Each structure stands twice: as C-alpha cells, then as structure tokens.
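*Asks:* how would this look folded up:
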Amino acid sequence: MKKEYPHLETERNGAVLIIRLANEAARNSLTREIRFSLRDVVREVQDDYSIRAIYLTAKGQTFCAGGDLRMLSNGSEPWPAHRRFRHASTLFPPLMTLDRPVVCGVRGMAVGGGFGLALMADSIVATQDAKFMAGFFRLGVVPDCLTLFTLPRLVGLAKARNFFYSNATWTAQDALENGVVSKIVDDDQLDIEGLALAQRYAEGPAQVMGLAKTILLKSFESSLDEMMGYENLAQVLAQSGPEFNEGLNALKEKRRAEFMRASNVANNHDGMSSFEG
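*Replies:* Next up, the predicted model:
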C-alpha cells in the first residue's frame with residue numbers, strides 16, 4: 001500500500017519517482033513535517049532500485065521559502081537547534097549523494113534552505129519567474145542546507161561569496177548564466193520538461209550514473225591519485241554490470257541501448273515498490 005508523507009506528495013511515473021513539497025499555506029517552508037517526510041522518502045528510495053530517477057518539485061507558486069519561521073522563533077535555543085541540525089544531517093547528505101539522478105523543478109521563490117534543497121539536485125529546470133535568494137545574512141544566520149558546499153562548487157568561490165554577502169537574488173536567467181539552472185521553461189511546461197529530463201536520465205545507465213555521481217562529489221577534495229583509484233574501482237564495478245553489457249551489445253548491433261530493461265531483468269524486481277498502490 002502506498003505510504004502517506006505529511007506535507008509531501010509522491011507519485012510514480014514509470015521508473016521516475018515524483019516528489020512534491022505540499023504545504024502551500026506555509027509556502028512549502030522546511031517544516032518539521034516536510035523534513036521528516038523527505039528523510040523517509042529518501043530512505044525508501046535508497047532501497048528501491050526500480051526507481052531510476054527522481055523529479056523533485058513543489059505545489060503552488062513557491063518552490064520553498066526556506067526555514068519555518070515558527071520553528072526559528074520557538075526553537076533557536078542551543079539544544080533544540082542542535083537536535084534539528086543533527087536531524088538535517090540524516091536528510092540532506094543522503095539526498096545529495098543519492099545514487100540515482102535527481103532533477104529539480106523550481107517555480108517561484110527558492111529562498112535560503114529552499115535554494116539549498118534545489119542545489120542538491122543534479123539538474124534544475126526553472127520557470128521564467130523563478131528566483132533564487134540566499135537570505136541567510138538578512139536573518140543573521142550562517143548559510144546552511146549545504147549551500148556552503150554546493151554553491152562554490154557550481155559557480156566558484158568569488159561568485160558564491162558575493163551572492164551570500166550581498167543577500168543577492170538571482171533571476172532564472174541569472175541562475176542559467178551562472179550554471180546553476182540547466183533550462184528555463186514557461187510555467188505550464190515545468191512539470192512536462194522536468195519529468196521528461198528525469199525520464200531521460202532513468203532510461204540511461206542510471207546505476208552507473210549514480211556511481212559516477214558518487215565520485216564527482218569527491219572531486220574537489222581528492223588528490224589526483226585518489227581520483228584515479230576511485231575511477232579504477234568504479235569502472236571495474238560498472239563493467240561487471242548489466243548496463244555495460246547492454247551498452248556494449250547495443251553499440252555492436254547498431255541499435256539503441258535499453259538500459260532500463262537490462263537492469264530490471266538483472267535485478268529481478270518482482271516485489272511492489274513502496275510508492276505504488
């Protein structure tokens with residue numbers, strides 16, 4: 001039976017899991033319910049390899065307004081804040097390092113932690129009116145939700161510093177020019193384009209892409225020799241798997257590779273996903 005996740009909606013579309021933030025009244029801010037629901041969904045996905053890609057988006061006209069003001073007002077004492085960030089460490093790193101491609105569809109504002117949430121995806125598709133805001137220093141807090149890790153890697157240290165220190169807001173076009181957004185679309189095309197990109201990733205060698213993603217996340221703090229070692233081990237694993245066999249055979253036979261079919265046959269998924277009724 002399909003599970004229920006407070007302030008979150010999930011839907012299967014073939015091999016893609018659609019995750020929607022669903023608390024429009026609070027502009028999809030990172031309430032306790034959303035954070036716990038996201039953590040639970042990510043844990044389910046980690047064990048369900050019939051899901052080959054994720055499309056993360058939100059209901060309404062705001063992607064995510066960042067931190068929940070009620071929580072910030074009532075839970076800023078040291079121990080509550082410490083517990084909250086300990087919990088965050090069980091959600092954000094697993095989401096960013098998930099060994100499947102993740103596409104994020106952003107409509108409207110992505111503020112503070114909402115911006116950080118979007119940056120955890122592998123690709124971001126945004127509407128024309130999307131805006132990306134830091135907002136942390138306006139509130140007098142340190143940037144969090146892994147923005148201090150992700151943004152400098154995407155745009156460089158100087159641009160990241162300027163973005164944070166000036167409390168800047170980037171339009172969708174600004175984000176595109178800075179390499180944060182991969183595509184800008186009309187509002188009514190966001191889910192169509194975002195889901196299509198996730199489907200394209202799912203139809204590729206998604207497991208091998210996940211392996212490459214794991215190594216990419218190590219590239220900025222690893223030595224040349226360490227990266228060679230990671231590539232060595234990963235390539236040995238990749239070339240022993242069904243996606244490589246399918247890709248090689250397809251190349252020899254001059255046809256399109258069917259990576260999804262090859263993986264499903266090899267993994268023998270005969271159980272029901274938690275995200276299907």
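*Asks:* where does the protein dip in pLDDT?
*Replies:* Applying pLDDT under 70 to the predicted model, the residue ranges of the chain that meet it are 1-2, 68-76, 268-272, 277.
*Asks:* Looking at the record's assignment, how would you partition it?
*Replies:* For the chain, the structural domains run 8-203, 206-265, going by the TED database.
*Asks:* Go through these and name the closest to Phe275.
*Replies:* domain 8-203 (5.0 Å; C-beta to C-beta). Any C-beta I mention is one placed from the backbone N, CA and C, and that applies to glycine too.
*Asks:* Any idea how far the closest one is from the middle of the chain?
*Replies:* Domain 8-203 has its average C-alpha position 7 Å from the chain's average C-alpha position, going by C-alpha atoms, centre = their mean, to the nearest Å.
*Asks:* Quick one: the strands in this structure, in order.
*Replies:* With DSSP state E applied, the chain shows strands at 8-13, 16-21, 53-58, 102-106, 109-111, 123-127, 131-133, 169-171, 183-185, listed in chain order.
*Asks:* Tell me which residues of the first one come out buried.
*Replies:* The neighbour-count check on strand 8-13 (16 or more other C-beta atoms under 10 Å) flags 8, 10, 12 as buried.
*Asks:* Turn those residues into TSV, including distance to Val41.
*Replies:* Output for the buried residues of strand 8-13, formatted as TSV (distance: C-beta to C-beta, whole Å):
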residue	distance to Val41
Leu8	7
Thr10	6
Arg12	12
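*Asks:* Just name the closest of the residues you listed to Asp174, please.
*Replies:* Among those, Leu8 lies closest to Asp174 (C-beta to C-beta), at 28.9 Å.
*Asks:* For the closest one, give me its contacts.
*Replies:* 19-22, 33-34, 37-38, 41 (C-beta atoms under 8 Å, 6 or more residues apart in numbering).
*Asks:* By neighbour count, which of those wins?
*Replies:* The residue in the contacts of Leu8 with the most neighbours, by other C-beta atoms under 10 Å, is Leu21 (27 neighbours).
*Asks:* you'd agree that residue is up against Cys64?
*Replies:* Yes: using C-beta atoms under 8 Å, Leu21 and Cys64 qualify as a contacting pair, with a distance of 6.0 Å.
*Asks:* Common neighbours of those two, please.
*Replies:* Common contacts of Leu21 and Cys64 (C-beta under 8 Å, 6+ apart): 28, 58.
*Asks:* Test my guess that Phe259 contacts Glu243.
*Replies:* Yes: the pair Phe259 and Glu243 qualifies as a contact (C-beta under 8 Å) at a distance of 5.0 Å.
*Asks:* Return every residue with contacts to both of those two.
*Replies:* Listed as contacting both Phe259 and Glu243 by C-beta under 8 Å, 6+ apart are 205-206.
*Asks:* returning to what we had before: take the strands of the chain and write them to a markdown table, including distance to Lys254.
*Replies:* Putting those into a markdown table (distance: least, C-beta to C-beta, whole Å) gives the following:
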| stretch | distance to Lys254 |
| --- | --- |
| strand 8-13 | 30 |
| strand 16-21 | 28 |
| strand 53-58 | 26 |
| strand 102-106 | 30 |
| strand 109-111 | 43 |
| strand 123-127 | 29 |
| strand 131-133 | 43 |
| strand 169-171 | 44 |
| strand 183-185 | 30 |
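*Asks:* most packed of those?
*Replies:* Burial of the strands of the chain is given as mean neighbour count (mean count of other C-beta atoms under 10 Å); strand 102-106 ranks first at a mean of 28.
*Asks:* Please name every helix or strand in contact with that one.
*Replies:* Under the contact definition 3 or more C-beta pairs under 8 Å, 6 or more residues apart in numbering; DSSP states H and E, strand 102-106 sits against strand 53-58, helix 113-119, strand 123-127, helix 190-203.
*Asks:* Same list (the ones you listed) but as a markdown table, adding distance to Arg27.
*Replies:* Compiled in a markdown table, those are given as follows (distance: least, C-beta to C-beta, whole Å):
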| stretch | distance to Arg27 |
| --- | --- |
| strand 53-58 | 9 |
| helix 113-119 | 9 |
| strand 123-127 | 16 |
| helix 190-203 | 17 |
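*Asks:* So which of the ones you listed is nearest Glu221?
*Replies:* It's helix 113-119; of the helices and strands packed on strand 102-106, that one is closest to Glu221 (C-beta to C-beta) at 17.5 Å.
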